[in-house]
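Enquirer: next comes the sequence, and after it the predicted model I'd like to discuss.
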Amino acid sequence: MGLPVTDGLSYYCDDTLGIWDSEGFEIGNSASPALRARQTLDEIEKSPQDQQISVVWFCIDAHSKRLLPGEIDVMQEISSRGLPVILVLTKVPWSKNPLTGKVTVGDEVSDFWEWLHKPVAPDGHPLRLPVTEIVATSSLNAKGKGTGHGLGELVEKTLEQSPDSEKDSFRIAQRLNLSWKRAMGRAVIATSSASAAVAAAVPIPIADATTLAPIQLTMLARISVIYELELKTMLSTSTLAQMATQFSGQALARSFIKLIPGIGSVINSVVASALTATAGEAWMRLCEQIHQGKVKPQDLEITMENFGPNIIDLVKGLLVRKSSQSKTDAHAQKDGH
């Protein structure tokens, strides 16, 4: 409100995701918007490689209901550099259908929203906007509080436009869609479980189960990063150190053997894989709760038992892996191998 806030060009980074914020292209500046955009992009290109732009959000206030020729020139300049441009309509009023609950752009700006998707020049000829996506957003709800609408879609569209090398960083940095973090976490768990299975291809005694600890602790650290938690900091408390010990290596293996009488005194590849997968799932569930603020580190001693690998999960994991192995063996025999 009032005079423009951003002066010049600013870079913000949380060690995972970086955002360049440039001042608006207000009317009255002696240089054309396209020239200023060109100068801005040239300045950013002098920055280190990890600060280069992957996707551009070009923001327009929905209430203005205007898209100026100078703004189109700016988007064209950005697009000419090979950068995807997402046109973000901000401060959008929303309308909710009382019967279906579906949320749509409010009547106040619906005509402008429709024009953006099929723009025409004053002479009636179709107008091409140099953008890859158009997203309507509001950071506040109708009462001016809480989370608005369209932010999740903006995250999804940004991810779609991001280079593959940047996608994980963007997933980690955003907080709107936990399913992405779970998918990343489970990919880490799958890789670690496979590594544990390889490590136990020749069955290892329980006493030597510490050989699995590096694999499992690395897995916990990688999952922690996905949820923006620093494992070294977390493990500075005795409670978390104790938990990490229980989640990996010999202690976990001993607990497992104790819970299933007759399983034997060695760990084979199936057991090692199941142990690692279940420990990973339990740790991921814990990290997610901390990430959302539902569990505070100082309360972990009370809630530890709710997150430790449980016997039902372990048995299920074993059954799935044994079933899969049996099918593989059956196919091998059928094929004469």
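Expert: Sure, I can see it.
Enquirer: give me the buried positions along the strand or helix carrying Arg36.
Expert: For Arg36, the host element (DSSP states H and E) is helix 33-45. Under the neighbour-count criterion of 16 or more other CB atoms under 10 Å, helix 33-45 has 33-34, 36-38, 40-41, 44 buried. Bear in mind the C-beta positions are built from the backbone N, C-alpha and C, glycine included.
Enquirer: with stretch 97-110 instead?
Expert: 105-106, 109.
Enquirer: so when I look at Trp57, I'm seeing a strand, right?
Expert: Yes - counting by DSSP: H, G, I helix; E, B strand; the rest coil, Trp57 is part of a strand.
Enquirer: please, where are all the strands along the protein?
Expert: Along the chain, the segments classed as strands by DSSP state E run 9-13, 18-22, 56-61, 85-90, 94-96, 103-105, 133-136, 204-205, 266-267.
Enquirer: so which of these is nearest Leu116?
Expert: strand 133-136 (5.4 Å; CB to CB).
Enquirer: return the list of helices and strands in contact with the closest one.
Expert: Counting contacts by 3 or more CB pairs under 8 Å, 6 or more residues apart in numbering; DSSP states H and E, strand 133-136 packs against strand 85-90, helix 107-117, helix 151-161.
Enquirer: among those, single out whichever gets nearest to Pro48.
Expert: Closest among the helices and strands packed on strand 133-136, once you apply CB to CB, is helix 151-161, at 21.3 Å.
Enquirer: pLDDT averaged over that closest one - what is it?
Expert: The average pLDDT within helix 151-161 is 82.
Enquirer: over to stretch 272-279?
Expert: So the average pLDDT for stretch 272-279 ends up being 84.
Enquirer: just the CA trace of that stretch, in PDB.
Expert: Presented in PDB, the C-alpha positions along stretch 272-279 are these (Å, rounded to 0.1, in the frame of the first residue of the first chain):
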ATOM      1  CA  ALA A 272      17.600 -56.200   6.200                       C
ATOM      2  CA  SER A 273      15.400 -54.600   3.500                       C
ATOM      3  CA  ALA A 274      12.300 -54.800   5.700                       C
ATOM      4  CA  LEU A 275      14.100 -53.300   8.700                       C
ATOM      5  CA  THR A 276      15.400 -50.400   6.700                       C
ATOM      6  CA  ALA A 277      12.100 -49.700   4.900                       C
ATOM      7  CA  THR A 278      10.100 -49.700   8.200                       C
ATOM      8  CA  ALA A 279      12.700 -47.500  10.000                       C
END
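Enquirer: in a markdown table: the buried residues of stretch 97-110, plus pLDDT and distance to Trp57.
Expert: Shown next, in a markdown table, are the buried residues of stretch 97-110 (pLDDT from 0 to 100; distance: CB to CB, whole Å):
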| residue | pLDDT | distance to Trp57 |
| --- | --- | --- |
| Val105 | 87 | 18 |
| Gly106 | 87 | 21 |
| Val109 | 90 | 18 |
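Enquirer: the helix holding Arg36 to strand 18-22, inter-axis angle?
Expert: 150 degrees (axes from the mean of the first three to the mean of the last three CA atoms, to 10 degrees).
Enquirer: other SSEs contacting helix 33-45?
Expert: By 3+ CB pairs under 8 Å, 6+ apart, helix 33-45 packs against strand 9-13, helix 69-80.
Enquirer: ok, now which ones touch Ala62?
Expert: Under the criterion of CB atoms under 8 Å, 6 or more residues apart in numbering, the neighbours of Ala62 are 89-93, 109, 112-113, 136.
Enquirer: that older thread, how about CSV for the strands of the chain, with distance to Glu281 added?
Expert: Shown next, in CSV, are these (distance: least, CB to CB, whole Å):
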stretch, distance to Glu281
strand 9-13, 31
strand 18-22, 32
strand 56-61, 35
strand 85-90, 35
strand 94-96, 37
strand 103-105, 34
strand 133-136, 34
strand 204-205, 22
strand 266-267, 18
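Enquirer: residue ranges of each domain in the chain, please.
Expert: The chain breaks down into these domains under automatic domain parsing: 9-173, 178-328.
Enquirer: about what we covered before: least reliable of the strands of the chain going by mean pLDDT?
Expert: Looking at these, the bottom one is strand 204-205 with a mean of 66.
Enquirer: in this structure, which spans are helices?
Expert: Along the chain, counting by DSSP state H, helices occupy 33-45, 69-80, 107-117, 151-161, 164-173, 178-199, 213-226, 231-234, 238-246, 249-259, 269-291, 300-303, 311-334.
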